[in-house]
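Colleague: How does the following fold in three dimensions:
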Amino acid sequence: MAAKQKGKRPAPSASGPSKKRKLSSKADSQSLSKKHPSKQKESGKEKLADRGIIPIPDTVDEVDLSDQDLDVLQEYGGAASFLASLDQKGISRSKKETERLHRMHKPLRQARTDDLPSIDSDGEDDDDEASFGSSDIASILSADDNSELSDSSDHDGSDVEMAYEKAPRKRRPSWEPEKDKLIKGLPIKLPSGNVQSTGKVTFAPSEESSESEEELEPQIEEQPKIDDVSTGARFGRPSVVDVVSNKSKAARIHAAKEQIGGICQEIVSDPESSLGLLRRLHTFSLSEISTPTHPEPVPNDPTIRKLAMLSQLAVFKDIIPGYRIRALTDKEKTEKVSQMVARTRDWEQGLVTVYQAYLRSLEAELKARSDLADIALKSMCTLLQEATHFNFRVNLMSCIVARLSKKSWDSSSDLCLSTLIHVFREDLTGVASLDVVRLLNRMIKERRFNVHPEVLSCLLHLRLKTELGVRASDSSADKPQKKESSSKAASRRAKGKRTELQHLSKKAKKVLKEKQEIEKEFREAEAEVDKEERASTHTETLKLLFVLYFRILKNPHPTPLLPAALQGISRFAHLVNIDFFKDLLSVLKDLIFREVDEVNSGNVDPIIKSADNMRHREALNIDLSDFVSALYALIPPLSLMPGIDAKQPSLVTGTRPVKTPTVADMLFRTLNIVFSPRTFGATAPHNRSAAFSKRLLTASLQWDPATAQRALEFVGGLIAKDPKLEALLSTKDRTSDGVYRPDLDDPQLSNAFGTSFWELHVLREHWDVKVREEAERILSGSQS
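Modeller: This next block holds a predicted model:
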């Protein structure tokens with residue numbers, strides 16, 4: 001029991017008084033002063049709080065302690081040893097003295113440099129200081145006196161924040177949103193028709209805030225300029241500007257050759273990883289070169305530019321793919337693709353960009369007619385021949401056709417013409433040919449037919465329907481079999497007849513459409529020529545071609561393009577629709593009578609050939625008597641024409657004459673067409689053969705020996721085909737119906753059987769040996 005009670009103080013006993021001794025009389029007087037404060041105020045004594053130090057009594061009366069208190073003091077007395085080390089001066093210091101000492105020894109804080117306005121400046125900070133007054137500071141200080149007094153010796157030079165620094169700041173009026181800038185939301189209309197306010201409120205942005213935001217926007221620091229791959233010193237090579245700006249021409253060209261050769265070799269070895277090198281190669285072909293580090297343009301050497309253009313031509317011929325690169329759609333750009341596909345797309349788009357820049361530089365040189373214009377034209381012609389399928393084909397064609405629009409003719413015109421002919425011959429789909437014909441049609445119309453006639457000669461090499469439309473079988477037509485629908489609904493809609501189109505539901509139509517798109521992609525991947533698309537393309541080409549020819553024919557003033565247009569009509573007349581024949585024949589008749597009046601046989605031969613080609617179309621029976629009569633009337637004026645066998649001069653002044661045959665060549669070629677078995681069957685009418693033979697023999701008396709010999713050979717062939725003409729070889733008198741009328745221009749009405757071929761006996765005495773031998777052969781053949 002004694003062990004349990006050890007360390008605890010028992011409660012005082014209720015019986016008997018305690019043995020504590022009374023306090024001294026001085027203590028009694030202090031207790032009395034506390035109970036009666038009014039009496040001390042009246043006496044006017046000094047308050048203890050106003051004193052600097054409150055004295056502590058030195059002597060204290062002994063206190064009677066109990067045995068239990070003594071035990072506790074003996075056991076825990078060591079814990080009270082701190083009382084001996086207390087600062088008696090600090091304990092006895094009054095409140096006012098403590099505040100005075102605190103203000104005296106308060107550490108000075110160093111002012112921090114910042115962007116905030118000074119304390120003495122006018123503004124919103126003044127209001128803030130007024131709102132945070134001295135009363136608040138006093139309250140903070142009074143609340144924190146005890147903690148500061150205990151550590152007053154350690155406050156000097158410390159970084160501990162004061163209590164007033166931790167106090168929250170009051171909100172400024174400028175931080176509060178202005179009421180006049182509140183915007184209420186729009187009301188909504190309920191299904192019942194009542195209009196109800198949403199209660200939403202938004203704040204309009206103030207001008208001051210927008211200005212402050214603009215001021216606070218971070219300024220982008222200019223990064224140091226660095227040359228890119230196309231111009232800077234990369235790949236162990238000096239920069240392009242350093243090479244071009246070399247003062248020595250020999251060293252400049254030698255360095256450019258080495259760098260261009262190395263670049264081309266690396267590009268060809270790995271095209272997909274050499275877009276930067278491709279741009280660098282194009283930089284060498286520019287007239288002026290500037291870089292970010294060297295903004296002033298440096299003129300380039302023409303020799304280096306020429307080497308760069310030809311090098312780009314060789315590189316593009318090797319790396320251009322065998323398909324056309326199209327631009328990516330927005331949907332394809334957002335799709336996630338594999339790394340290989342993304343790399344291929346980037347390379348394709350980059351290749352198209354560099355190729356376009358190269359073509360623009362060539363076109364600029366061509367339009368400026370600089371020293372490199374011939375190189376640029378040769379490069380464009382080569383690219384059109386080698387990469388007709390690739391992008392910017394129409395741009396190349398436009399430049400080449402524009403080069404052919406001048407009246408003169410030179411070596412560059414020959415190059416352009418041979419390029420277009422090569423495009424026509426190698427075109428399998430017909431799309432490229434359609435583009436060229438469209439550009440030629442537009443150019444000739446804008447130039448008002450003032451171009452060289454040789455331009456239209458390339459159109460004769462077009463590969464249209466007859467050449468490419470080869471049938472796979474001679475017994476059956478190459479047409480797809482039509483599937484007929486046997487459904488009851490389709491038969492009912494067609495009134496009992498079988499329909500060619502099968503009835504499909506919406507779902508089936510959707511599936512069919514997707515299937516057709518997939519098949520189209522497969523055909524494009526296989527690079528096969530679609531027959532339907534090719535037929536429609538050829539039809540459009542033929543339409544534009546005959547529009548051009550008809551525009552030349554219907555021109556009221558004769559143009560140098562008329563012979564070439566008539567030759568083109570004779571080449572493609574069998575492809576024209578029957579509905580155009582009536583108009584075409586009327587135009588040709590008007591043209592031939594106009595040419596006969598002007599005694600110009602250069603255009604009669606193509607007219608006869610055109611009519612002959614049209615006559616032999618299936619299910620047609622065209623009368624060519626008007627054309628034959630015009631040719632018959634043309635022979636007497638040609639007999640008086642000097643130099644009929646000489647080469648015809650060019651109709652357009654230029655460095656190269658037009659490649660046209662002589663008048664004699666065209667005349668006898670037309671006669672062969674008129675009297676060929678294709679025109680009149682086995683033999684021509686007797687009156688027509690006799691009339692042409694008589695007029696040709698009469699004209700041969702005035703012609704030169706070569707033309708007279710050709711006329712005799714043609715007459716001998718007619719006599720061999722028609723035995724009735726042998727009667728005209730005899731000069732004896734005989735009876736005949738009517739009289740010969742050489743003044744009439746109609747071979748059917750001239751009555752050539754009323755005369756004889758007396759001209760052969762005159763030609764037997766001709767001074768030329770070959771003419772005498774030919775005339776003797778004809779006469780001897782009839783006698784035998």
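Colleague: what about residue 324, distance to residue 382?
Modeller: Residue 324 sits 19 Å away from residue 382 when distances are taken as CB to CB, to the nearest Å. C-beta: built from backbone N, CA, C; applies to glycine.
Colleague: out of the two, which sits in the busier spot?
Modeller: Each of residue 324 and residue 382 has its neighbours counted (other CB atoms under 10 Å); residue 382 has more, 18 against 12.
Colleague: Contacts only, for the more buried one.
Modeller: Contact partners of residue 382, counting by CB atoms under 8 Å, 6 or more residues apart in numbering, are 313, 317.
Colleague: quick check, it in a strand?
Modeller: No: looking at residue 382 with DSSP: H, G, I helix; E, B strand; the rest coil, it is helix, so not inside a strand.
Colleague: And the lengthiest helix in the chain, what does it pack against?
Modeller: Ranked by number of residues, the top helix in the chain under DSSP state H is helix 339-368. Contacts defined by 3 or more CB pairs under 8 Å, 6 or more residues apart in numbering; DSSP states H and E place helix 339-368 against helix 275-283, helix 302-319, helix 373-386, helix 393-403.
Colleague: Quick one: mean pLDDT for that helix?
Modeller: On average, the pLDDT along helix 339-368 is 92.
Colleague: what angle separates that helix from helix 275-283?
Modeller: When axes from the mean of the first three to the mean of the last three CA atoms, to 10 degrees is applied, the directions of helix 339-368 and helix 275-283 differ by 0 degrees.
Colleague: angle of helix 339-368 against helix 373-386?
Modeller: Going by the same axes, to 10 degrees, helix 339-368 makes 140 degrees with helix 373-386.
Colleague: buried sites along helix 339-368?
Modeller: 347-348, 350-352, 354-355, 357-359, 361-363, 365-366 (16 or more other CB atoms under 10 Å).
Colleague: ditto for stretch 377-393
Modeller: 377-385, 387-388, 390-393.
Colleague: Let me have that stretch in CSV, keeping just the CA atoms, if that works.
Modeller: Only the C-alpha atoms of stretch 377-393 are listed here, as CSV (Å, rounded to 0.1, in the frame of the first residue of the first chain):
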residue,chain,number,x,y,z
LEU,A,377,14.3,24.1,-123.8
LYS,A,378,16.3,20.9,-124.4
SER,A,379,15.8,19.9,-120.7
MET,A,380,12.1,20.5,-120.9
CYS,A,381,11.8,18.5,-124.1
THR,A,382,13.8,15.6,-122.6
LEU,A,383,11.7,15.6,-119.5
LEU,A,384,8.5,15.5,-121.5
GLN,A,385,9.7,12.6,-123.5
GLU,A,386,11.1,10.6,-120.6
ALA,A,387,8.5,11.5,-117.9
THR,A,388,5.3,12.1,-119.8
HIS,A,389,3.4,10.3,-117.0
PHE,A,390,4.8,12.4,-114.2
ASN,A,391,3.5,15.6,-112.6
PHE,A,392,3.5,19.0,-114.3
ARG,A,393,3.2,17.4,-117.8
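Colleague: what is the mean pLDDT for it?
Modeller: Rounded mean pLDDT across stretch 377-393 is 93.
Colleague: what's the answer for stretch 503-519, then?
Modeller: 86.
Colleague: So what touches stretch 323-332?
Modeller: 345, 348-349, 351-352, 389-391.
Colleague: Over to stretch 344-362?
Modeller: For stretch 344-362, using CB under 8 Å, 6+ apart, the contacting residues are 271-272, 275, 278-279, 282, 285-286, 309, 312, 316, 319-321, 325, 327-328, 337, 376, 379-380, 383, 390-392, 395-396, 399.
Colleague: what do you get if the cut-off is 6 Å, keeping everything else the same?
Modeller: For stretch 344-362, the external contacting residues (CB atoms under 6 Å, 6 or more residues apart in numbering) are 272, 275, 278-279, 282, 285, 312, 325, 376, 379-380, 391-392.
Colleague: same question, stretch 537-545
Modeller: Counting by CB under 6 Å, 6+ apart, 430-431, 433-434, 437-438, 441, 464-465, 575 sit against stretch 537-545.
Colleague: residue contacts, residue 629?
Modeller: By CB under 6 Å, 6+ apart, the contact set of residue 629 is residue 746.
Colleague: in the helix or strand harbouring it, what's buried?
Modeller: Element membership for residue 629, per DSSP states H and E: helix 625-639. Neighbour counts over helix 625-639 (16+ other CB under 10 Å) mark 627-636, 638-639 as buried.
Colleague: any idea which helix or strand comes after it?
Modeller: helix 663-674.
Colleague: Does anything pack onto that next one? Which helices or strands?
Modeller: helix 604-615 (3 or more CB pairs under 6 Å, 6 or more residues apart in numbering; DSSP states H and E).
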